[in-house]
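# the following block contains a protein sequence and its predicted model.
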Amino acid sequence: AVSNKNILPMLKLFVQGVRAANITNAVVVALDDETERFVHSLGTASYLRKLVSRSKSTDNHATSGLKFAVLKEFVQVGCSVLLSDVDVVWMQNPFTLPSLYRDSDVEGMTDGWDDLTAYGYQWTSASAWGSSGSTANLRLSARNSGLFYVRATIEVLHMMTVLKRRMETEGVWDQTAYNEDQWYVALPGARAHGISARVMNYYCNLN
């Protein structure tokens, strides 16, 4: 988890949940000294990384966008990571369950609530060109950037590098960018990422 001093009560609940679920390989990335001291007082591993958002804001959305810079550093040294926002409640240790496959570059929670919305369905609409034909589309709910697993691969490193740069140069929501960089073959002026992706089971990882 990545956190700052604005949400220490929520961070405390998150740490208590992680401990209750017997997740022992957890670390909180603290964005300021106060947060690091607080995490240390809870007896939890921490990593101090003083980062600021493009807007200099410390609100939740601005802070959330900093996760890609942190993930890039972990992936660069060969660490695969299960990234969890602080508002996630853990009931069991995900690393002991078969629902975390770890066979794809990115494995993430969906905002979908059933098979169709989570994994996609075909939507047929009237042609935009005014003809009698129709256009087939694939529709599905967004993948949530508050919980996802990334493997330490070259493809993920490239993706995190691109997302880090976008957070630093664009006024884009981190979840929007996260989804775009998985689904778009290549953004304008950029090479294709080559990411393999899996949607987490929505019964096991529920938004």
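Received the coordinates, thanks. Numbering: from 1, shown residues only.

# so which strand or helix has Glu73?
Using DSSP states H and E, Glu73 falls within helix 67-76.

# per-residue pLDDT, Thr24?
With respect to pLDDT, Thr24 has a value of 93.

# still on that earlier bit, what's downstream of the helix holding Glu73, the next helix or strand?
strand 81-84.

# show me the shaky parts of this structure.
Filtered on pLDDT under 70, the chain yields the residue ranges 126-133, 187.

# and the lengthiest helix in it, what does it pack against?
Once the chain is assigned using DSSP state H, the helix that runs over the most residues is helix 154-169. In terms of contacts (3 or more C-beta pairs under 8 Å, 6 or more residues apart in numbering; DSSP states H and E), helix 154-169 is packed against helix 67-76, helix 174-183. Backbone N, C-alpha and C define where each C-beta goes, glycine included.

# looking at these, which is buried most?
Ranked by mean neighbour count, those are led by helix 67-76 with a mean of 20 (mean count of other C-beta atoms under 10 Å).

# what is that helix packed up against?
strand 81-84, strand 143-150, helix 154-169.

# chain center to the shortest one, what's the gap?
Here the centre of mass of C-alpha atoms in strand 81-84, compared against the chain's by C-alpha atoms, centre = their mean, to the nearest Å, lies 7 Å away.

# tilt between whichever helix or strand comes after it and helix 174-183?
Counting by DSSP H and E, the next helix or strand C-terminal to strand 81-84 is strand 106-110. Orientation check (axes from the mean of the first three to the mean of the last three C-alpha atoms, to 10 degrees): strand 106-110 against helix 174-183 gives 130 degrees.

# dump the C-alpha coordinates for strand 106-110 into PDB.
These are the backbone C-alpha positions of strand 106-110, laid out as PDB (Å, rounded to 0.1, in the frame of the first residue of the first chain):
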ATOM      1  CA  VAL A 106      -1.100  -7.900 -14.800                       C
ATOM      2  CA  GLU A 107      -3.900  -9.500 -12.800                       C
ATOM      3  CA  GLY A 108      -6.400  -7.100 -11.500                       C
ATOM      4  CA  MET A 109      -9.700  -6.600  -9.700                       C
ATOM      5  CA  THR A 110     -12.700  -5.600 -11.900                       C
END
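
# can you name every helix or strand that the helix or strand following it contacts?
Using DSSP H and E, the helix or strand that follows strand 106-110 in sequence is helix 115-119. Contact here means 3+ C-beta pairs under 8 Å, 6+ apart; on that basis helix 115-119 packs against strand 106-110.
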